[in-house]
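# Let's see this in three dimensions:
(one chain, ligands or ions: 3)
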Amino acid sequence: MPLSGMAIAFKASTSACTAQQLWGHPTRDQCQYGFTHLNERKSRKGSAALHARAVSGKLDLDFGDPSWKQKYQEDWDRRFSLPHITDVFDLEPRLTTFSLKKNSPLGASDASSPDKWNGYVNKDDRALLKVINYASNTSAGAECIDPDCSWVEHWVHRAGPRKEIYYEPEEVKAAIVTCGGLCPGLNDVIRQIVFTLEIYGVKNIVGIQFGYRGFFEKGLKEMPLSRDVVENINLAGGSFLGVSRGGAKTSEIVDSIQARRIDMLFVIGGNGSHAGANAIHEECRKRKLKVSVVAVPKTIDNDILFMDKTFGFDTAVEEAQRAINSAYIEARSAYHGVGLVKLMGRSTGFIAMHASLSSGQIDVCLIPEVSFTLDGEHGVLSHLEHLLETKGFCVVCVAEGAGQDLLQKSNATDASGNVILSDFGVHMQQKIKKHFKDIGVLADVKYIDPTYMVRACRANASDAILCTVLGQNAVHGAFAGFSGITSGICNTHYAFLPITEVITTPKHVNPNSRMWHRCLTSTGQPDFH
Ligand SMILES: Nc1ncnc2c1ncn2[C@@H]1O[C@H](COP(=O)(O)OP(=O)(O)O)[C@@H](O)[C@H]1O
Ligand SMILES: O=P(O)(O)OC[C@H]1O[C@](O)(COP(=O)(O)O)[C@@H](O)[C@@H]1O
Ligand SMILES: [Mg+2]
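Ligands and ions are numbered 1, 2, ... in the order given. Predicted coordinates for the structure are as follows:
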């Protein structure tokens, strides 16, 4: 039943559990290292009962209750249900205009013909987020909910094109914005969003320049986008639209969305941009604007919850390896050479860990999630001494956010409110130089900081594919009527998730994960305590 003009009727109230309520949940510290975090509490009868704390912000489980698992899963399903424009508007969908069958497209002209092409994702299709059944909570990397570490299903919604859509493509104005720091693959995502929108039949596509700023800063004009315009933008790094930090004025942004008559907004960005996208989505709902806000997670830091990886991360690791290799060559070729490389990752050590693992040339990898001491018998410096003595050289990789407890804290923040960190790379370089000078041992320290080189490059093949899929899925999500969602890869499957769930806290390296253990096995570094 095609719906011409898509008349809009508002619903009296939104669903019982609104995204606003979810957004109000307290930060879940357990998300850092798993889904849950157990704390022990005395029950009224005096026996010790284990309760899962804050699994859903409010859920308090009693594992003595035989239905705890059902309650947990119901809560999970509620949290991961996708906000939809029909939560606010009474709307009937129409058959999609997206078909890859060139001679028999679905849609008004062909609505009655049976569609034999199984190219659509059913609204109830889901993917399992976790597949390991941990036999014990002492298993490596175990993420347990109850003391027995019972198997619990965590489902997320499968991404992809739906057979029914909630927008008339010819009437749609779609906007794309890229926010935060640069990341390899931004242009690939922009390009695929434009391509896919055009396949649906959208004619009015614009780019918003320089992040959220483009919505309100005078002089920043919308950029008309089409296949012709974006055809080759993936051949270069950076963002064709420009990026920026700061300027999070939600009401002004939504005023601008309203004035420009934007129906779909695609936000490509990291944690901060996602928080912004969700605020825009909420404000649009409040103003009863039929706008789908769909995000695509971007960050070389790979710190977005539930995602296997974010686009740009693979490329960043590959580039980082080049810096590590140079540091290795310098250190290897010098008498008592010490190569030191600082890699991005303000609160997470994913790039440092993966680049250390992939290069195989690192002796010491230091990340924010794992504390260490520099001085003393068990400190990093004494280990470097040992390495110079035994193998004659060494290579150290540090993540930007590592060792912040050893440095003077600064209260400075960037335009987006992110804390500006003290430079641990420079500190480490000075400490190494001073240490070897003090003990009278020659050390030739070569420090490499490839920070911006790592993220200003073009996406590699694997990231280019990821960007392609995520960009396409973002458009499918918007046409399917979702808003306040993001598109990601979760446990090897492409999924839609509510933004509220992915921004509760940044994802971190789990020091008890097999991956970190593999990194330690590879570097051979001891505990620095
Ligand atoms: N909590 C928030 N609510 C609304 N907007 C935000 C929030 N945090 C950041 N932003 C905005 O999102 C944009 C990108 O944020 P930033 O932290 O710089 O990058 P990233 O999205 O990569 O994490 C900026 O314009 C910033 O003002
Ligand atoms: O110097 P800039 O542009 O503020 O960027 C530095 C930051 O960018 C990052 O890559 C993170 O960027 P995002 O927040 O955009 O994902 C951090 O690792 C680093 O601290
Ligand atoms: Mg960020």
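# Could you check the pLDDT of the residue lying farthest from the centre of the chain?
Residue farthest from the centre of the chain, counting by Cα atoms, centre = their mean, is residue 440 at 46.3 Å. Residue 440 carries a pLDDT score of 98 in this model.
# so it sits in a strand?
No. Per DSSP: H, G, I helix; E, B strand; the rest coil, residue 440 lies outside any strand segment and is coil.
# what sits against it?
Listed by Cβ atoms under 8 Å, 6 or more residues apart in numbering, the contact set of residue 440 is empty. For the C-beta atoms, the positions are set from N, CA and C on the backbone; glycine is no exception.
# Let me see the backbone angles for it.
Main-chain torsions, residue 440, degrees, to the nearest 10: phi 70, psi 30.
# What of residue 309?
Dihedral angles (degrees, to the nearest 10) for residue 309: phi -160, psi 160.
# That one: neighbouring residues, count only.
Applying other Cβ atoms under 10 Å, we find 18 other residues in the vicinity of residue 309.
# quick one: it and residue 132, what's the gap?
18 Å (Cβ to Cβ, to the nearest Å).
# ok, now residue 518?
According to Cβ to Cβ, residue 518 stands 16 Å off from residue 132.
# Tell me, how many residues neighbour residue 420?
11.
# residues contacting it?
Contacts for residue 420 (Cβ under 8 Å, 6+ apart) come out as 410, 412, 413, 414.
# and the first one, how many neighbours?
To tie it back to what came earlier, the one meant is residue 410. 11.
# before we move on, what about the second one?
Taking other Cβ under 10 Å as the criterion, the count of residues near residue 412 is 10.
# How about it, nearest residue that isn't a chain neighbour?
Once flanking residues are discounted, residue 412 sits nearest to residue 420: 4.3 Å by Cβ to Cβ, 6 or more residues apart in numbering.
# Show me what from the stretch 301-450 of the chain comes close to ligand 1.
416, 418 (Cβ under 6 Å from any ligand atom).
# Contacts only, for the residue of the stretch 301-450 of the chain found nearest ligand 3.
Per Cβ to the ion, the residue of the stretch 301-450 of the chain with the smallest distance to ligand 3 is residue 418, at 5.9 Å. If you count contacts by Cβ under 8 Å, 6+ apart, residue 418 has them with 245, 272, 346.
# quick one: contacts for the second one?
It stands for residue 272. Contacts of residue 272 by Cβ under 8 Å, 6+ apart are 179, 180, 245, 248, 416, 417, 418.
# Now with 10 Å, please.
179-181, 211-212, 245-246, 248, 299, 414, 416-418, 503 (Cβ atoms under 10 Å, 6 or more residues apart in numbering).
# That one: which element?
In the assignment (DSSP states H and E), residue 272 maps to helix 271-286.
# what about that helix and ligand 3, touching?
Yes. Counting by Cβ under 5 Å from the ion, ligand 3 is contacted by helix 271-286 at 271, 272.
# Any buried residues in that helix, and which?
271-285 (16 or more other Cβ atoms under 10 Å).
# sorry, back to before: by pLDDT, rank the contacts of residue 418 and give me the bottom one.
Here the lowest pLDDT out of these sits on residue 346, with 92.
# In this structure it contacts residue 404, no?
Yes. Between residue 346 and residue 404 there is a contact under Cβ atoms under 10 Å: 9.4 Å.
# Overlap in contacts, the two.
368, 419, 421.
# Give me the buried entries from these.
368, 421.
# What is the burial count for the closest residue to ligand 3 within the stretch 201-350 of the chain?
Closest to ligand 3 within the stretch 201-350 of the chain is residue 270: 3.9 Å, counting by Cβ to the ion. Neighbours of residue 270 under the rule other Cβ under 10 Å: 25.
# measure it to residue 120 for me?
31 Å.
# ditto for residue 178
When residue 178 is compared with residue 120 (using Cβ to Cβ), they lie 29 Å apart.
# Look at those two and report which has more neighbours.
For residue 178 versus residue 120, neighbours defined as other Cβ under 10 Å are more numerous around residue 178 (31 against 19).
# per-residue pLDDT, that one?
98.
# I'd say it and residue 277 touch.
No. With contact defined as Cβ under 10 Å, residue 178 does not count as touching residue 277 (11.9 Å).
# so the residue lying closest to residue 234 once chain neighbours are set aside, which of the three states?
If the residues on either side of it in the chain are set aside, residue 234 comes closest to residue 188, at 4.5 Å by Cβ to Cβ, 6+ apart. Secondary structure, three-state DSSP: residue 188 is helix.
# ok, residue 188 touching residue 233?
Yes. Using Cβ under 10 Å, residue 188 is in contact with residue 233, at 8.2 Å.
# Between these two, tell me which one has more neighbours.
residue 188 (25 against 18).
# can you tell me how far that one sits from residue 182?
From residue 188 across to residue 182, the span is 13 Å (Cβ to Cβ).
# Name the residues contacting each of the two.
The contact sets of residue 188 and residue 182 overlap at residue 312 (Cβ under 10 Å, 6+ apart).
# Can you report how many residues lie near residue 184?
28.
# try the one 5 residues further on
Number of residues near residue 189 (other Cβ under 10 Å) recorded here: 32.
# Now for the closest residue to residue 84 other than its chain neighbours: which residues touch it?
Spatial nearest neighbour of residue 84, excluding adjacent residues (Cβ to Cβ, 6+ apart): residue 481 at 5.2 Å. By Cβ under 10 Å, 6+ apart, residue 481 lies in contact with 82-87, 89, 91, 93, 162, 164-167, 290, 292.
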